[in-house]
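**Student:** model this:
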Amino acid sequence: MNAHASTAQADRSQPVHIGDHLREWRQRRRMSQLDLAGEAEISARHLSFVETGRAAPSRDMVLRLAERLDVPLRERNVLLVAAGYAPAFQQRPLEDPALKSARQAIDLVLRAHEPNPALAVDRHWNLVSANRMVAPLLDGIPQRLLGQPFNVLRLAFHPEALAPRTVNLAEWCGHLLERLHRQCEVTADPELIKLYNDLKSYPIPARAGPLSSDNVAIPFKLRHGGEILSFFSTTMVFGTPVDITLSELALETFFPADERTAERLRQMAAGLP
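**Tutor:** So this is what the prediction gives:
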């Protein structure tokens, strides 16, 4: 599914019957009824009856089909409600006492990653938390662009934010767009689709050519204090979440791609309170 198709699908009236929901998710995953039936260990005939409304699935079957289709937890609740069942997954704020251990784990990872920058974002790429090394890299960016919560991707593309400081802007923003596009296809989230279309409107140059064979990952090269800092990034998620908030959180951790960057980060960390 391309972004145009995703947008068109998001603009359509939402399905109300469980069969319509299941069919859309199955088609989004490019699975036939036979494929999904085999994965879920039911007959293709019964699945067809469910999709057309001739049979009502049990609660367990809805959850089993959603799991095989890798439906996000938020949307699994939508499927359950459409089938006439109560939602199964809660969405708590991070401040909820039930998420105390998860919140502590996030803070621990962010702190332990210093002197390298790391941050946590929600499903729409809004900043949730960051370690002390992120703020110095944002020095000089207009405060109106850093209102809480600010969108990390918009900051990367904005001409008054990180875009003019990014040495390899075409490659880095191209990578971010490709990643966001995959998220749009997987989730069909209208807000992510809108974000993708908004980011495409920014004046980002086209890639000049293929990456050098010396690169093992697309680096993020940032001008800072008269120097060029070079990073590669990794993404961490909770492995087995049953809470919607946790399932949609991601930790973006950055590592120095060369010794000069590593040394500069150590110096910056030593000067922080």
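**Student:** And Leu110, how close does it get to Phe157?
**Tutor:** With distances taken as Cβ to Cβ, to the nearest Å, Leu110 is found 24 Å from Phe157. C-betas here are computed from N, CA, C, even on glycine.
**Student:** Going by residue numbers, what spans are helices in this protein?
**Tutor:** With DSSP state H as the criterion, the chain has helices at 3-11, 18-28, 33-40, 44-52, 59-68, 73-82, 100-112, 134-137, 152-157, 169-187, 190-200, 244-247, 259-270.
**Student:** For Ser230, find the nearest of those.
**Tutor:** helix 259-270 (5.2 Å; Cβ to Cβ).
**Student:** Provide the contact partners of the closest one at residue level.
**Tutor:** Defining contact as Cβ atoms under 8 Å, 6 or more residues apart in numbering, one finds that helix 259-270 is touched by 114-117, 132-133, 136, 224, 227, 229-231, 256.
**Student:** and of these, the nearest to Arg29?
**Tutor:** Using Cβ to Cβ, the contacts of helix 259-270 come closest to Arg29 at Phe231, 33.3 Å.
**Student:** Just give me the neighbour total for the closest one.
**Tutor:** By the measure other Cβ atoms under 10 Å, the count of residues near Phe231 is 21.
**Student:** show me what contacts it?
**Tutor:** Phe231 touches 116-117, 219-222, 254-257, 261, counting by Cβ under 8 Å, 6+ apart.
**Student:** try 6 Å
**Tutor:** Shown in contact with Phe231 (Cβ atoms under 6 Å, 6 or more residues apart in numbering): 220, 254, 257.
**Student:** quick one: which of the residues you listed sit in strands?
**Tutor:** For the contacts of Phe231, membership in strands holds for 220, 254, with DSSP state E as the criterion.
**Student:** Pull out the buried members of the contacts of Phe231.
**Tutor:** Among these, the ones that count as buried by 16 or more other Cβ atoms under 10 Å are 220, 254, 257.
**Student:** The second one and Ser233 touch, don't they?
**Tutor:** Right, Phe254. Yes. Contact criterion Cβ atoms under 6 Å: Phe254 and Ser233 qualify, at 5.1 Å.
**Student:** Relative to its centre, which residue of this protein is most distant?
**Tutor:** Relative to the mean C-alpha coordinate of the chain, counting by Cα atoms, centre = their mean, the farthest residue is Arg54 (36.3 Å).
**Student:** Distance-wise, check it relative to Pro205.
**Tutor:** For Arg54, the distance to Pro205 - Cβ to Cβ - is 54 Å.
**Student:** How about Ala270?
**Tutor:** Distance from Ala270 to Pro205, counting by Cβ to Cβ: 36 Å.
**Student:** do Ser101 as well
**Tutor:** Counting by Cβ to Cβ, the separation of Ser101 from Pro205 is 45 Å.
**Student:** cool, and Asp107?
**Tutor:** On the measure of Cβ to Cβ, Asp107 and Pro205 end up 38 Å apart.
**Student:** Mind checking which of the two has more residues around it?
**Tutor:** When Asp107 is set against Pro205 and neighbours are counted by other Cβ under 10 Å, the residue ahead is Asp107, at 13 against 10.
**Student:** got a list of what Ala82 touches?
**Tutor:** 18, 21.
**Student:** between the longest strand seen in the chain and helix 100-112, how big is the angle?
**Tutor:** In the chain, assigned by DSSP E, the strand with the most residues is strand 227-236. Using axes from the mean of the first three to the mean of the last three Cα atoms, to 10 degrees, the inter-axis angle of strand 227-236 relative to helix 100-112 is 150 degrees.
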